[in-house]
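Student: What follows is a protein structure lacking sequence information:
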C-alpha cells in the first residue's frame, strides 16, 4: 500500500521557542521528515525565533544535531538534510521587548501562508500576539499554533482566549493536542463512521462500558517542580483523555468538517455528569528500581499532587445514559500503553448453556504498535463438543499495511501540515477548552476542599489498589496495562 503525499502551499513558519526542547525533539525533526517525503515545496521557509544569540549558521548546526538525535532514523537521499537546512533562518528575539521584531518582519513574505508556532509558555501568548500585530505581520490568512497547557482553570483559559481573540479570529487559532494527530485516533473516526458494522451498536443498548487508558513508565523526573503545579488531572485528563472521550462518544457530524466535528465534541463535554468523590482515585508513585518516588522528584515531601488518576464518568444523553466510561492515566506504571477499549454486553441468551461469559471487545491501541483488535467468539478447534474461545481479529498497522504501517507519520508532522492547509478539524476550539475546564474545576476544587491525599502505589505496578476496587464494585475489571 502506497500513501499519497500531497504538497502544501509555500509558507513561512515562524517557531517561537525555536531552540527549545519541543522544537528540537518534535517540530523540526517532523518538518524534516515532511521535507524528505516531498510534501514541503521548495519555496517553504522555517524561521526559528528565541532569546539565544546566534546566527542562521549556528541555528542550522543546532537543528542538524537535533535531527540526528530525534529524527527517527528515516532514510533520506544524500544531500536532503542540506536542502532542508537551507530553508532554516533564525532571529534572536525578545518576546516582551522590541529586540528582533523589525528583523523578523523584514523576513516575512506577503505571497505565502504565514504561520506562527508559539512553542513557549502560555504566559507569553498574549505578548507574542500583540507584537505580531503591532509589527504588521498578521493578516486574515495568518495562523497561530498554541501548545498546552491552555490555562490551568476556567478563569485562566478564558483570559488566554480573550488575549488571543484581540488579535486573531477563532478561525486563525490552532490549539494543538498531539494525541489528535495520531493515526489510530483518526482511524477511530473511520471505524465508527465508515463502517455499518459498528455505528448501529455504538450506544448504551449494546456497550457495557468503555475504558480509556494512558499509561507511562517514566516519572516526572526533571519536570517535577512544574508537574507538581498541574498533576495528572490538569496535565492529561482535561485535554488528552477528554479529546479521546469526545471522539468515542460524539454523535456523527453532518460532514467531515472542522466546525461540524468540533460541535459534536462540545456537546459531549457539556453532557458530562459531575463526578462523585467515590468515583475518583488519585495516586502517587513510590520509590523503586526505576527511580525515586514522586514527592522526592517533585521536591515537596508533603505534596498532594496526583501522578495517577482513575475515574468513572457518565454522559447524560440519549446515546450513552447508563454506560460508564472509565478513565485512567499515570506515571511510573508497568508499561507504556495508550488504549481505548469498548466492551460490548453479553448476549441476552446463549444457546451454549453456561459458556455465556464471552464478550466482544474492541481495542484501539494508540501506542506503542498502533492498531485495532476486535475480539470475537469462535469454536475451539478439535473434537469433543462445542467449546467456545475468544480470539482477536487483529489489524496491527505494521503487519496490515506493510512499510506504510510500520513507518507512520508522526502526530506533529500531520498537525503542522494541517495548519499550513488551514484545516482545523484536529485542533481544539476555544469553547471546547472552556467547557472542559468548566467540568474539571469542580473536581479539583472538591478534593482540595476535602484535603484528599493521593494513595501511594508501587513504581512499575498498574496503579493504586483502590482503582481496582472502584471497578470491582461495578463487577468489572481493568484491562491489563501491557506493552
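Tutor: Received it, and whenever you're ready, just let me know what you need. Source: prediction; values computed, not measured.
Student: just the strands in the stretch 1-150 of the chain please.
Tutor: 11-16, 45-50, 88-92, 113-118, 143-146 (DSSP state E, counting those that start in this stretch).
Student: and the last one, how far out from the chain's middle?
Tutor: Counting by Cα atoms, centre = their mean, to the nearest Å, strand 143-146 is centred 17 Å from the centre of its parent chain.
Student: likewise the second one?
Tutor: Distance of strand 45-50 from the chain centroid (Cα atoms, centre = their mean) equals 25 Å.
Student: what helices or strands is it leaning on?
Tutor: The contact analysis (3 or more Cβ pairs under 8 Å, 6 or more residues apart in numbering; DSSP states H and E) places strand 45-50 against strand 11-16, strand 88-92, helix 101-107. Quick note: C-beta positions are derived from backbone N, CA and C, even for glycine.
Student: most neighbours per residue, which of these?
Tutor: Highest mean neighbour count of the helices and strands packed on strand 45-50: strand 11-16, a mean of 24 (counted as mean count of other Cβ atoms under 10 Å).
Student: between it and strand 88-92, how big is the angle?
Tutor: Put simply, strand 11-16 runs at 40 degrees to strand 88-92, going by axes from the mean of the first three to the mean of the last three Cα atoms, to 10 degrees.
Student: what's the average pLDDT for strand 11-16?
Tutor: Taken as a whole, strand 11-16 has an average pLDDT of 97.
Student: In terms of secondary structure, what does it contact?
Tutor: strand 45-50, strand 113-118, helix 411-421.
Student: worst average pLDDT in the ones you listed?
Tutor: Among the helices and strands packed on strand 11-16, helix 411-421 scores lowest, at a mean of 93.
Student: List of residues touching the helix or strand that it is followed by?
Tutor: Reading on from helix 411-421 to the C-terminus, the next helix or strand found by DSSP states H and E is helix 430-450. With contact meaning Cβ atoms under 8 Å, 6 or more residues apart in numbering, helix 430-450 is reached by 150-151, 153-154, 157-158, 161, 165, 170, 173, 175, 233-234, 237-239, 242, 262, 265-266, 269-270, 272, 274-275, 277, 280, 282.
Student: Pull out the buried positions in helix 430-450.
Tutor: 430, 432-441, 443-444, 447 (16 or more other Cβ atoms under 10 Å).
Student: Now for the residues you listed: which two are most distant?
Tutor: 430 and 447 (27.0 Å; Cβ to Cβ).
Student: Would you mind giving the helices and strands packed on strand 11-16 as a markdown table with mean neighbour count added?
Tutor: Listed next are the helices and strands packed on strand 11-16 as a markdown table, based on neighbours: other Cβ atoms under 10 Å:
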| stretch | mean neighbour count |
| --- | --- |
| strand 45-50 | 24 |
| strand 113-118 | 22 |
| helix 411-421 | 22 |
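Student: looking at the helices and strands packed on strand 45-50, which is closest to residue 249?
Tutor: That would be strand 11-16 among the helices and strands packed on strand 45-50, by Cβ to Cβ, at 34.1 Å.
Student: gap between that closest one and the chain center?
Tutor: 22 Å.
Student: and it with strand 45-50, angle?
Tutor: Using the same axes, to 10 degrees, strand 11-16 lies at 10 degrees relative to strand 45-50.
Student: Relative to strand 11-16, what are the paired strands and their orientations?
Tutor: Within its sheet, strand 11-16 is paired with strand 45-50 (parallel), strand 113-118 (parallel), according to DSSP bridges.
Student: Any chance of those strands in TSV with distance to residue 424 as columns?
Tutor: Rendered in TSV, the data for the strands paired with strand 11-16 read as follows (distance: least, Cβ to Cβ, whole Å):
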stretch	distance to residue 424
strand 45-50	21
strand 113-118	13
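Student: of all these, which lies closest to residue 21?
Tutor: Closest among the strands paired with strand 11-16, using Cβ to Cβ: strand 45-50, at 11.7 Å.
Student: quick one: contacts of that closest one?
Tutor: Strand 45-50 has contacts (Cβ under 8 Å, 6+ apart) with 11-20, 23, 28, 31, 59, 63, 87-93, 100, 104, 107, 109, 112.
Student: and if you look at stretch 262-271?
Tutor: Contacts for stretch 262-271 (Cβ under 8 Å, 6+ apart): 242-243, 245-247, 249-253, 315-317, 320, 424-425, 428-429, 431-432, 435-436, 439.
Student: From the residues you listed, keep the buried residues only.
Tutor: 242-243, 245-247, 249-250, 253, 315, 317, 320, 424-425, 428-429, 432, 435-436, 439.
Student: Would you check that residue 54 makes contact with residue 88?
Tutor: No: here residue 54 lies out of contact with residue 88, judged by Cβ atoms under 8 Å, at a distance of 11.6 Å.
Student: So the residue nearest to the spatial centre of the chain, which state does it fall into?
Tutor: In the chain, the centroid-proximal residue (Cα atoms, centre = their mean) is residue 179; its distance is 2.2 Å. Per DSSP: H, G, I helix; E, B strand; the rest coil, the secondary structure class of residue 179 is helix.
Student: Go ahead and confirm it touches residue 244.
Tutor: Yes: contact criterion Cβ under 8 Å: residue 179 and residue 244 qualify, at 6.7 Å.
Student: which residues do these two both contact?
Tutor: residue 185.
Student: tell me the secondary structure for residue 364?
Tutor: Strictly by three-state DSSP, residue 364 counts as strand.
Student: And the pLDDT at it?
Tutor: 89.
Student: show me the contacts for the closest residue to it other than its chain neighbours.
Tutor: Spatially, and ignoring its direct neighbours in sequence, residue 364 is nearest to residue 340 (4.3 Å; Cβ to Cβ, 6 or more residues apart in numbering). Residue 340 makes contact with 188, 210, 211, 212, 213, 244, 248, 363, 364, 366, according to Cβ under 8 Å, 6+ apart.
Student: Columns distance to residue 375 and pLDDT on top of the buried residues of helix 430-450, output as CSV?
Tutor: Formatted as CSV, those follow (distance: Cβ to Cβ, whole Å; pLDDT from 0 to 100):
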residue, distance to residue 375, pLDDT
430, 39, 95
432, 32, 96
433, 35, 96
434, 38, 97
435, 34, 97
436, 31, 96
437, 36, 97
438, 37, 97
439, 32, 97
440, 33, 97
441, 38, 97
443, 32, 96
444, 36, 96
447, 36, 93
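Student: Sketch out the low-pLDDT regions of the stretch 351-483 of the chain for me.
Tutor: 354-357, 384, 396-408 (pLDDT under 70).
Student: if you set the cut-off to 90 instead, what comes out?
Tutor: 351-360, 364-411, 482-483 (pLDDT under 90).
Student: ok, back up a step: partner residues bridging the residue nearest to residue 364?
Tutor: residue 212, residue 364.
Student: What of residue 143?
Tutor: With DSSP bridges as the rule, residue 143 is bridged to residue 115.
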